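1. have a look at this fold, sequence not included:
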C-alpha cells in the first residue's frame, strides 16, 4: 500500500472508445505525474502537475488528455487510441521541495492501470 | 542528468547479500543517486538515495565511491520477494525527483533463487 490508488487496474477499449484512468493519492502531496510503461521499454514521463498546474507535457499526443481537479486527484482521459498505446500507465505523487520541512524528493507510485487497445 | 550504466541481470541466492552496481561516471556535483525497484506488475518503489556519503535504511545500504563515479546498492539478506528490476537514477538536487524528471533506464533484473 503506497498511498496512491489507481483505477481501473485493467482496461480493454476499442480505438473509438472514450475512457478515463483515475488516480488518487492520500499522502498530502502537491505534485502528481503520469508515466507510461510499454512492454520492454523504460518508463516514460507523460505529464507533471505541481499545485494542480500542468508544468510538463512530454510531447504526448493529444489523444491523451490529463486533468487535475485538485492536488489529490489526477485523471487521464483517453480517446481514439491506437493499439500501440497499449501499456501500463502509472500514476505517482510527491512533495515538491521548497515547502516547510524536509523531503527526499522520492516519488510514490500506484500499481498502475494496464490498458489494452484493440 | 547524467547517464547510468547497470548490468542487465544478476542472480543472488536467498539469504545472501545482493550487491547491485551502477556506473555514473559523468555525475556532477549536485546530482544525487537514487535507487528504485519495480516488482513485476507493480509500480516502482523508492529504496534509498545519497549524494556522497554512504547511506543505510531499513531496506538497503548505498555505497558511493569517493569519486562518485559509481555506487553499489546492497540488500544485506536477499529474499525471494526482492526479485525485481532495480533502477539506478541520477537526479539534479535532492528534490529533483519531485519534478518528475526521473529517467528510468532498463535497470538490473535481480533474480533471488532459493
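-> Now that the structure is in, tell me what you want to look at. This one's a predicted model, so the numbers in the text were calculated from it and none came from an experiment.
2. separation between the residue sitting nearest the centre point of chain A and residue B:92?
-> Closest residue to the average C-alpha location of chain A: residue A:34 at 2.6 Å, with Cα atoms, centre = their mean. Separation of residue A:34 from residue B:92 (Cβ to Cβ, to the nearest Å) stands at 22 Å. For glycine as for every other residue, the C-beta is placed from the backbone atoms N, C-alpha and C.
3. sorry, back to before: name whatever forms a beta bridge with the residue nearest to the centre of chain A.
-> Following DSSP bridges, residue A:34 is listed with bridge partners residue A:47, residue A:91.
4. average pLDDT for stretch B:20-27?
-> Rounded to a whole number, the mean pLDDT of stretch B:20-27 is 95.
5. so which bits of it are buried?
-> B:20, B:22, B:23, B:24, B:27 (16 or more other Cβ atoms under 10 Å in any protein chain shown).
6. pretty sure the third one sits against residue B:5.
-> It stands for residue B:23. Yes: taking Cβ atoms under 8 Å as the definition, residue B:23 is a contact partner of residue B:5 at 4.3 Å.
7. what's the pLDDT at residue 34?
-> Just so you know, I chose chain A. 94.
8. you looked at the wrong chain, it should be chain B
-> Reported pLDDT for residue B:34: 91.
9. now whatever helix or strand it lives in: how far from the chain's centre is it?
-> Here residue B:34 is covered by strand B:31-38, with elements defined by DSSP states H and E. Here strand B:31-38 is found 5 Å from its chain centre; the criterion is Cα atoms, centre = their mean, to the nearest Å.
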